[in-house]
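Engineer: Got a predicted structure plus its sequence, pasted below:
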Amino acid sequence: MRLITVATCNLNQWALDFKGNLERIIESIKIAKSKGAIYRLGPELEIPGYGCEDHFYEQDTMLHSWQSLMALLKDPELTRDIIVDVGMPVLHKNVRYNCRVILSDQRIVMICPKKALAMDGNYRENRWFTPWLKSRTTEIFPLPKVIADIVGQTTCVIGDAIIATRDTAIANETCEELFLPNSPHIEMGLDGVEMIANGSGSHHQLRKLKQRVDLITSATSKSGGIYLYANQQGCDGGRLYFDGCCMIMVNGECVAQGSQFSLVDVEVITATIDLDEVRSARASFMSRCAQATLTKEFPRVLCDQHLTTYKGSASQPIPIKYITPAEEIGFGPACWLWDYLRRSGLGGYFLPLSGGADSAATAAIVAIMCQLVVLDAGKGNRQVIADAQRIAGAGPDYIPTNAKEFASRIFYTAYLGTKNSSDETRKRAAEIAADVGAVHKEVDIEEVTTAFGSMFGQVSKNQPRFKVHGGSNRENLALQNVQARSRMVASYHLASLLLWDHGREGSLLVLGSANCDESLRGYMTKYDCSSADINPIGGISKNDLRIFIEWASRERNIPSIAQVLTATPTAELEPVTKEYVQSDEADMGMTYDELSVFGKLRKIHKCGPVSMYERLVSEWSHLEPPKVAEKVKRFFYYYSINRHKMTTITPSYHAEAYSPDDNRYDHRPFLYNTKWDTQFALIDELVQRWKSNQLKENSDSDSDPSHTNLTPPVMPLGSSTGTLIDRHL
Ligand SMILES: Nc1ncnc2c1ncn2[C@@H]1O[C@H](COP(=O)(O)OP(=O)(O)OC[C@H]2O[C@@H]([n+]3cccc(C(=O)O)c3)[C@H](O)[C@@H]2O)[C@@H](O)[C@H]1O
Ligand SMILES: Nc1ncnc2c1ncn2[C@@H]1O[C@H](COP(=O)(O)OP(=O)(O)OP(=O)(O)O)[C@@H](O)[C@H]1O
Ligand SMILES: NC(=O)CC[C@H](N)C(=O)O
């Protein structure tokens, strides 16, 4: 047995919070050492924080990063008997790299720049960094004088190399590199690297953890070896929630796993691994050995440390813990809201609560946040207790022990009724607020909207009417929108005064609750309650929210929210008559299920109108192509007339791959030709072609007595012939 004890962590870093970031790094090193680890891995760019974005251009960010590194090197204890692997940006020959810096015994062993940058979806690393493209090449890096003065070392190695200790070989692979078809761990593993250290900055997305775990499992089961995975955890200043889940895997099995969602700022996990297990697995895998002998060697940088011991016992495999999407929606946004609140310096949240599904889900997420705070306070988490005391405006003796009681200090809701509001939604809102412990107000905003009516009377003799009263579409929309917009102004007014009214300092953050699907369709009033400070559910589809509501009502002690599942979603902006009750899906001209499909095809599968039509003709076999064409065209029409609303959409928690958030994720124009002339003309041609084929087939079958199948077949994609443009040319 040759045992090695290693540590990795989840750190809740915050962009540009150099002091806090350094404190958390130091704490993680101390914990790792106290658990006997000889290697400590931290998240990607942990020194300045992963999300510095354009601040990476600033020389100040470099300067402060070196200052933090200097602090780590200055204290002889921190790097004694342990290899410390930290992430920071490094400028080499006037080129900026996203690097791992390897420290040992107050020396810099080497600097490993990231070789493949993350550039899709939310990631734009190539905007600030250059990948290290010189495979198996190292150069001399002259250390800044301040560092050289401390460590007595003037240069170190930078580049694509392996760290060779006296008894093993270790290499870095940074975040995105794990996701590549040709990951560094493949060649490095073949070249004898026994442990890969991956410091990541990887964000949460619903159902994504499995992909990450599968990649690490496959990396270590195919080639054998140890894999250390560290991640940022929390909101580091943007829309993303980094979901931790630090892990240690050996030969395809997990031996330690950290939390995915947590309020703990520093979480260190360790495992003791028998290196002989790795050696034996590899050396008996004969076809791998043959490949290994052919592998071109990487440069090795020596680190004169002995990492293994013969004493102790190895950690045993554990099952990987996955949670359900409903739990992910509950815990991810709740942790994000907590980080946002404590870091914003404000005194709590305000939510306009309508008694409908979306604001009910948002209220439930705040309730779960309060539950997590109470749970962590109960475990003695001093940071959580201190933050809770400050936010709640309570004294040093206050310890939150009851989630509803804590909510009553930091969560305010209001039902903002007009004459179109129903008793049913008003009652539901009050019950939900009581269930989550919020301070709830009922405010009548009818007078405010009437005042807008009088204002219009000053400029016109015409008084707009609702459609049900004989008004036009335009009048109908204007009368709806003034109610919705007044709610937004009322919300900010209440948020700025409610704490004052309760004799407390500060003000509240306004929560928005537009979901991903209605944003995509633009079924919302611009600058209404969708224009809030932040929105925990803006990246979540209506269907997932329903799953979440069902779970939260059952498992998180919020029974009243279950009522919204059976209620018809309605904006309650139009008068109810005997013949008419406003309903979301009827208004939108499409169902939430259909919207989810359109959303995924548009964003994830990169479909324009024609490809979407073609895909859906084959997937929606219950509909005939003319119906599919109508639905696709309707979707693109509404999507494009409302796209401008995405430019001002409230920043929301990114949770869904088909999020339409224009600001960071889904970059598109916001002024479209909403006629889509060319695109819709081709769809019409394809429909025409289908109709002609139908006629032909019907007439063929009429003349063929053996043909008994009367159901019109759906034409397979690309099988059509004719004189029209062939899409598949
Ligand atoms: N191309 C363009 N670029 C930039 N801005 C553009 C624009 N076209 C219109 N606009 C602007 O956008 C305005 C139209 O958008 P907007 O005012 O939102 O109004 P609009 O989209 O016409 O109506 C809002 C819709 O949301 C529905 N809704 C449903 C459920 C809840 C709520 C709610 O709020 O509670 C609302 C409501 O029933 C209605 O159908 C125009 O008046 C103009 O100011
Ligand atoms: N009567 C109301 N009182 C308070 N807030 C309201 C009211 N009506 C609407 N809102 C706010 O405006 C937002 C958008 O309204 P909309 O009718 O679109 O609701 P929704 O998206 O269907 O959500 P919900 O299911 O919460 O009603 C709501 O989520 C809520 O925050
Ligand atoms: N920082 C990174 O390289 C992250 C990229 C990676 N694809 C992820 O989502 O986890």
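Structural biologist: The structure has been received and is ready for your questions. Ligands and ions are numbered 1, 2, ... in the order given.

Engineer: domains of this structure?
Structural biologist: Listed by automatic domain parsing, the domain ranges of the chain are 3-318, 326-588, 591-641+675-729.

Engineer: tell me the contacts of the residue lying closest to residue 357 once chain neighbours are set aside?
Structural biologist: In space, residue 357 comes closest to residue 564 once its chain neighbours are excluded; the distance is 4.4 Å by C-beta to C-beta, 6 or more residues apart in numbering. C-beta coordinates here come from the backbone N, C-alpha and C atoms, glycine included. Applying C-beta atoms under 8 Å, 6 or more residues apart in numbering to residue 564 gives the contacts 355-357, 360, 428, 549.

Engineer: filter those down to the ones near ligand 2?
Structural biologist: Restricting the contacts of residue 564 to those touching ligand 2 (C-beta under 6 Å from any ligand atom) yields 356-357.

Engineer: So which of the contacts of residue 564 wins on neighbours?
Structural biologist: Each of these was scored for neighbours by other C-beta atoms under 10 Å, and residue 360 scores highest at 32 neighbours.

Engineer: That residue: what's it in contact with?
Structural biologist: Shown here is residue 360, whose contacts under the criterion C-beta under 8 Å, 6+ apart are 353, 428, 432, 549, 561, 564.

Engineer: Strands of the stretch 1-150 of the chain, residue ranges please.
Structural biologist: The residue ranges that make up the strands of the stretch 1-150 of the chain, judged by DSSP state E, counting those that start in this stretch, are 3-11, 39-41, 83-92, 95-104, 107-113, 138-142.

Engineer: Out of those, which is the most enclosed?
Structural biologist: Among the strands of the stretch 1-150 of the chain, judged by mean count of other C-beta atoms under 10 Å, the one packed with the most neighbours on average is strand 39-41 (a mean of 30).

Engineer: can you list the residues that contact that strand?
Structural biologist: Applying C-beta under 8 Å, 6+ apart, the set of residues contacting strand 39-41 from outside is 4, 6-9, 28-29, 32-33, 82-85, 170, 195, 197-199, 228, 230, 268, 307.

Engineer: List the contacts of the residue of the stretch 51-200 of the chain found nearest ligand 2.
Structural biologist: Of all residues in the stretch 51-200 of the chain, the one sitting closest to ligand 2 is residue 122 (24.5 Å; C-beta to the nearest ligand atom). Neighbour list for residue 122: 203, 239-240, 654, 664-665 [criterion: C-beta under 8 Å, 6+ apart].

Engineer: between those, which is closest to residue 699?
Structural biologist: Ranking the contacts of residue 122 by separation from residue 699, with C-beta to C-beta as the measure, puts residue 665 on top at 50.6 Å.

Engineer: before we move on, what SS does that closest one have?
Structural biologist: Remark: residue 665 carries the secondary structure label coil [criterion: DSSP: H, G, I helix; E, B strand; the rest coil].

Engineer: Now for it, how many residues are close by?
Structural biologist: When neighbours are defined as other C-beta under 10 Å, residue 665 has 19 of them.

Engineer: That one contacts residue 659, doesn't it?
Structural biologist: Yes - applying C-beta atoms under 8 Å as the test, residue 665 and residue 659 come out as touching, 5.4 Å apart.

Engineer: ok, then the element right after the longest helix along the chain?
Structural biologist: Longest helix in the chain by number of residues (criterion: DSSP state H): helix 473-501. The element immediately downstream of helix 473-501 (helix or strand, assigned by DSSP states H and E) is strand 509-510.

Engineer: is that following strand anywhere near ligand 2?
Structural biologist: No - where contact is defined by C-beta under 6 Å from any ligand atom, no part of strand 509-510 touches ligand 2; the two come within 9.5 Å at best.

Engineer: Near ligand 1, which residues of the chain are found?
Structural biologist: Residues of the chain lying near ligand 1 (C-beta under 6 Å from any ligand atom): 477, 480-481, 484, 523-526, 528, 571, 573, 587, 642, 644, 671.

Engineer: Give the burial count for the residue in the stretch 151-300 of the chain that ligand 1 sits nearest to, as a bare number.
Structural biologist: Ranked by C-beta to the nearest ligand atom, the top residue of the stretch 151-300 of the chain for proximity to ligand 1 is residue 239, at 21.9 Å. Close neighbours of residue 239, defined as other C-beta under 10 Å, add up to 23.

Engineer: try residue 287
Structural biologist: Taking other C-beta under 10 Å as the criterion, the count of residues near residue 287 is 7.

Engineer: Give me every residue in this structure lying close to ligand 2.
Structural biologist: Contact residues (C-beta under 6 Å from any ligand atom) of the chain with ligand 2: 352-354, 356-359, 415-417, 421, 487, 513-514, 518, 524, 529, 569, 571.

Engineer: what's the nearest residue to residue 619 if we skip its chain neighbours?
Structural biologist: Once its chain neighbours are removed from consideration, residue 619 has its nearest residue in residue 597; the separation is 7.8 Å (C-beta to C-beta, 6+ apart).

Engineer: and if you look at residue 253?
Structural biologist: Taking C-beta to C-beta, 6+ apart, and ignoring the residues beside it in sequence, residue 253 has residue 317 as its nearest neighbour in space, at 4.0 Å.

Engineer: any idea how far stretch 148-155 is from the chain center?
Structural biologist: Using C-alpha atoms, centre = their mean, to the nearest Å, the mean C-alpha position of stretch 148-155 is found 41 Å from that of the whole chain.

Engineer: Only C-alpha atoms, please: export that stretch in PDB.
Structural biologist: The C-alpha atoms that make up stretch 148-155 are tabulated as PDB, following Å, rounded to 0.1, in the frame of the first residue of the first chain:
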ATOM      1  CA  ALA A 148      11.200  36.900  -5.800                       C
ATOM      2  CA  ASP A 149      12.200  38.900  -2.700                       C
ATOM      3  CA  ILE A 150      10.100  36.700  -0.500                       C
ATOM      4  CA  VAL A 151      10.800  33.300  -1.900                       C
ATOM      5  CA  GLY A 152      14.400  33.900  -3.000                       C
ATOM      6  CA  GLN A 153      13.400  32.500  -6.400                       C
ATOM      7  CA  THR A 154      13.700  34.600  -9.500                       C
ATOM      8  CA  THR A 155      12.100  32.400 -12.100                       C
END
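
Engineer: What is the nearest of the contacts of residue 360 to ligand 2?
Structural biologist: Nearest to ligand 2 out of those is residue 353 (C-beta to the nearest ligand atom; 5.5 Å).

Engineer: Would you check that the closest one makes contact with residue 427?
Structural biologist: No - when contacts are counted by C-beta under 8 Å, residue 353 is not listed as touching residue 427 (11.8 Å).

Engineer: Would you mind telling me which of the two has the busier surroundings?
Structural biologist: The residue with more neighbours, out of residue 353 and residue 427, is residue 353; 28 against 14, by other C-beta under 10 Å.

Engineer: and residue 526, what is it in contact with?
Structural biologist: Applying C-beta under 8 Å, 6+ apart, one finds that residue 526 lies in contact with 644-645, 648.

Engineer: give me that answer again for 7 Å
Structural biologist: 645, 648 (C-beta atoms under 7 Å, 6 or more residues apart in numbering).
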